[in-house]
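Chemist: give the three-dimensional model of this entry:
(2 chains)
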Amino acid sequence: MTTGAIIFAQNNGAINYVKLAKFSAKQIQKHLRIPVSLVTDKNSVGEDLSIFDSVIYVDDYKHTQHRKFHDGTLASVQAEWKNFTRSQIYDLTPYDRTLVIDSDYIINSSVLLPALENDHLFQIYKNSFDLAGWRNTDSFNRLNQYSIPFYWATTFIFEKHKTTETFFMLVSYIKENWQYYRILYSIDSTAFRNDFAFSIAIHIMNDSDDGDFATSLPGNMSYVTDRDLLVSATDNKMQFLIEKEGRYGEYTLAKTNGLDIHVMNKTSLLRYIEGGTGV
Amino acid sequence: MLACLRQQLRNPECNPPFLKIDNYLITSGNISMDERLEKAFEVANYMATLSNQKRLIKEELDQKLVYYTNGGSFKVDQTLISFTKTIIEFGHTEDVVLLDVNQLPIIINNVPEFLNNIVNVYFESVNDYSAKVTEIKSKRKLTDIVEL
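Modeler: Okay, here's the model as predicted:
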């Protein structure tokens, strides 16, 4: 059985996702020691991609959508949000067992290794940990207060199997009929979001109950939002400026040691990769 | 202090040694109120950073307090250690089924070895946590708490 990681990276006008993916791939190779492949599009060529085990090209999706990407509390940019290809992962992956991660998910530990070695068909994060202790995290517990549990499509592991094939077909179906499903599940946002589609698909796979289709990945998914800034990173340590409660434009310094982190501020992460500091 | 302030407002000659009014700037000794406020904000900032850093270290501990075996994952805590010891005391030392964090049944082939491993995980993690907490508590500067 082959095991490997897949990173999705499709550049838009504001963010070079491929550069983020290369950094993320180095961290995976260092801590998990598995081959890493890249899923990208023709707009994202021009980089040295030799770090990847293989490069898989996908076509642009028929629809486009835009969203605001914050860079700390004071700056933001409106850019295209290319997140439609995730549901194709079952057909795209060259591996039997695949770790799928976002290009802004930075591996700093080997905590996911046991999850790559067990026999669960589909593992995903349900619980998360915000590095800022004060922010309201209700939207990361359930899709809304009356709705179903929230799962993070940022990081998951799956094994090729009839059951997981059905799951990804279901995610594709939800994507194709997004406006119907978002109203059915009382989701305010019109933009398609993989976290929501995965949560809905898991709910359906569990027969609308607390089933066991999705097993939890080890620990919690730690994250900083795009209102926070990455300052620096060394080995498996990272230093952040976390937005302060009620003090617009002010931050608290924080350090992590050996925690895998979802750095949602891609602009800051990119600044760090290109220039050694994310501020 | 307020009584002295009221007295001083009525009689400018009154000038308590610890408080005086000087062009609307309240001072105590040689430190102005602005400087004292600045110091207070510095302390508050230090306390907030220290408090958040303790949260992060605790999260790092929680991540380490997980033991994986036979495809199952177990949260290592005092309850699991005590329960495992009790099972052994009752004579169940081989092929015992335990429920993992996902409530999945996991067969533990060698229970004493399992106990030994979880105790090792527990003390390695907690000792590391203790060292980290002691270290950041000894830091008196904000930048020292979060230096890489």
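Chemist: from here on, contacts and neighbour counts on C-alpha atoms
Modeler: Will do.
Chemist: next up, the contacts around the nearest residue to A:S76 once chain neighbours are set aside.
Modeler: Leaving aside its sequence neighbours, A:S76 sits nearest to A:H70 (C-alpha to C-alpha, 6 or more residues apart in numbering or on different chains; 4.0 Å). Residues near A:H70 by C-alpha atoms under 8 Å, 6 or more residues apart in numbering or on different chains: A:76-77, A:226-227, A:265.
Chemist: doesn't A:H70 lie inside a strand?
Modeler: Yes - assigned with DSSP: H, G, I helix; E, B strand; the rest coil, A:H70 falls within a strand.
Chemist: ok, and the closest non-adjacent residue to the residue of chain A found nearest chain B?
Modeler: Of all residues in chain A, A:N118 sits closest to chain B, at 4.4 Å by C-alpha to the nearest C-alpha. Once flanking residues are discounted, A:N118 sits nearest to B:G71: 4.4 Å by C-alpha to C-alpha, 6+ apart.
Chemist: touching, that neighbour and A:L116? I think so.
Modeler: No - look at B:G71 against A:L116 with C-alpha atoms under 8 Å: they stay out of range, at 9.7 Å.
Chemist: who's more crowded, these two?
Modeler: A:L116 (22 against 17; other C-alpha atoms under 10 Å in any protein chain shown).
Chemist: buried residues of the host helix or strand of that one, list them for me.
Modeler: For A:L116, the host element (DSSP states H and E) is helix A:113-117. Under the neighbour-count criterion of 16 or more other C-alpha atoms under 10 Å in any protein chain shown, helix A:113-117 has A:114-116 buried.
Chemist: check stretch A:21-41 too.
Modeler: Of all the residues in stretch A:21-41, those buried under the rule 16+ other C-alpha under 10 Å are A:21-32, A:34-41.
Chemist: pLDDT (mean, whole number) over that stretch?
Modeler: Throughout stretch A:21-41, pLDDT has a mean value of 96.
Chemist: that one near chain B at all?
Modeler: No - using C-alpha under 8 Å from any C-alpha of the partner chain, stretch A:21-41 stays clear of chain B, with a minimum separation of 15.2 Å.
Chemist: quick one: that stretch to chain centroid distance?
Modeler: Computed by C-alpha atoms, centre = their mean, to the nearest Å, the chain-centroid distance of stretch A:21-41 equals 13 Å.
Chemist: can you check stretch A:30-47 too?
Modeler: The chain centroid and the centroid of stretch A:30-47 are separated by 14 Å under C-alpha atoms, centre = their mean.
Chemist: can I get it as PDB, trimmed to CA atoms?
Modeler: The C-alpha atoms that make up stretch A:30-47 are tabulated as PDB, following Å, rounded to 0.1, in the frame of the first residue of the first chain:
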ATOM      1  CA  LYS A  30      10.900  16.600   7.500                       C
ATOM      2  CA  HIS A  31       8.300  15.400  10.100                       C
ATOM      3  CA  LEU A  32       6.300  12.700   8.400                       C
ATOM      4  CA  ARG A  33       8.800  11.400   5.800                       C
ATOM      5  CA  ILE A  34       6.300  10.700   3.100                       C
ATOM      6  CA  PRO A  35       6.200  11.700  -0.600                       C
ATOM      7  CA  VAL A  36       4.300  14.900  -1.400                       C
ATOM      8  CA  SER A  37       2.400  15.600  -4.600                       C
ATOM      9  CA  LEU A  38       1.000  18.900  -5.800                       C
ATOM     10  CA  VAL A  39      -2.400  19.600  -7.300                       C
ATOM     11  CA  THR A  40      -2.300  22.800  -9.200                       C
ATOM     12  CA  ASP A  41      -3.500  24.500 -12.500                       C
ATOM     13  CA  LYS A  42      -1.800  25.900 -15.600                       C
ATOM     14  CA  ASN A  43      -1.900  29.400 -14.100                       C
ATOM     15  CA  SER A  44       0.400  28.300 -11.400                       C
ATOM     16  CA  VAL A  45       3.400  27.100 -13.500                       C
ATOM     17  CA  GLY A  46       6.800  28.800 -13.600                       C
ATOM     18  CA  GLU A  47       8.000  27.600 -10.200                       C
END
